[in-house]
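S.K.: Structure of the sequence below:
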Amino acid sequence: MLRWLGLSGLVIVLDQLTKWLAETSLTPYQPEALTSWFNLTLMYNTGAAFSFLANEGGWQRWLLLGLASAVSVFLLVLLARLRPGQNWLAAALALVLGGAVGNIIDRLLYGHVIDFLDLYHTALSRWPGFSASGHWPAFNIADAAIFIGAIMLLLDSFRSHPPQTKQN
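M.R.: Residues are numbered from 1 along each chain as shown. Coordinates of the predicted model:
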């Protein structure tokens, strides 16, 4: 099942390419409107999801790097242990792995994660996770891959799986 590492690699390449494009084309914190609900806005996140720990003194970089690295190794082990035919689960793990490594690269190189995708709508300002102006926290391709992979893992947990038989 390690062939699924190609999907992880694709996520990493797309993530790093789009972050490079954002860095070279956008002015930090200046939104470029694409639609009435979507901006490209270059931002830097020194914390975790939703900027958790972003205002700490810098130690969080190493903590988040360590956690993401440990999770990545764990995902590699899980991926290697999958049986043939577990393609849905393999794709989910590969997406999460690719996203984790994409953000690890940012933390190693820059000390922060580059975000640039900015979704919003004023009607969303009443929903948890959205700001008063209706903005979802900015994210990137790696974050999107992690989110999609996590949803796939959740859906996989509800699927019926044939019982495993012991092999002698």
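S.K.: what stretches of the chain score poorly on pLDDT?
M.R.: 47-61, 64, 121-135, 161-168 (pLDDT under 70).
S.K.: can you rerun that using 90?
M.R.: 1-3, 35-38, 45-69, 84-85, 107, 111-112, 119-138, 157-168 (pLDDT under 90).
S.K.: where exactly do the helices run in it?
M.R.: 5-25, 59-81, 87-110, 141-158 (DSSP state H).
S.K.: Mind checking those for the one nearest to residue 43?
M.R.: Closest to residue 43 of those is helix 5-25 (Cβ to Cβ; 9.3 Å). Where C-beta positions appear, they are placed from N, C-alpha and C, glycine not excepted.
S.K.: ranking the helices of the chain by burial, who's on top?
M.R.: helix 87-110 (a mean of 21; mean count of other Cβ atoms under 10 Å).
S.K.: which strands and helices sit next to it?
M.R.: helix 5-25, helix 59-81, strand 113-119, helix 141-158 (3 or more Cβ pairs under 8 Å, 6 or more residues apart in numbering; DSSP states H and E).
S.K.: Which residue, neighbours along the chain excluded, lies closest to the spatially most central residue of the chain?
M.R.: Central residue of the chain (Cα atoms, centre = their mean): residue 143, 2.2 Å from the mean position. The shortest distance from residue 143 to any non-neighbouring residue, by Cβ to Cβ, 6 or more residues apart in numbering, is to residue 99 (6.4 Å).
S.K.: Go ahead and confirm residue 92 touches residue 157.
M.R.: No. Using Cβ atoms under 8 Å, residue 92 makes no contact with residue 157, being 10.2 Å away.
S.K.: what about the nearest residue to residue 115 once chain neighbours are set aside, neighbour count?
M.R.: Distances taken as Cβ to Cβ, 6+ apart place residue 138 nearest to residue 115, at 3.9 Å, with adjacent residues excluded. A total of 24 residues lie near residue 138 under the criterion other Cβ atoms under 10 Å.
S.K.: Distance-wise, check residue 138 relative to residue 95.
M.R.: 20 Å (Cβ to Cβ, to the nearest Å).
S.K.: Residue 34 now?
M.R.: 24 Å.
S.K.: hmm, back to that, what residues are up against the residue nearest to residue 115?
M.R.: Applying Cβ atoms under 8 Å, 6 or more residues apart in numbering to residue 138 gives the contacts 41, 43, 45, 115, 116, 117, 118.
S.K.: Kindly state the beta-bridge partners for the second one.
M.R.: Note on residue 43: beta-bridge partners residue 115, judged by DSSP bridges.
S.K.: Brilliant, that's me finished.
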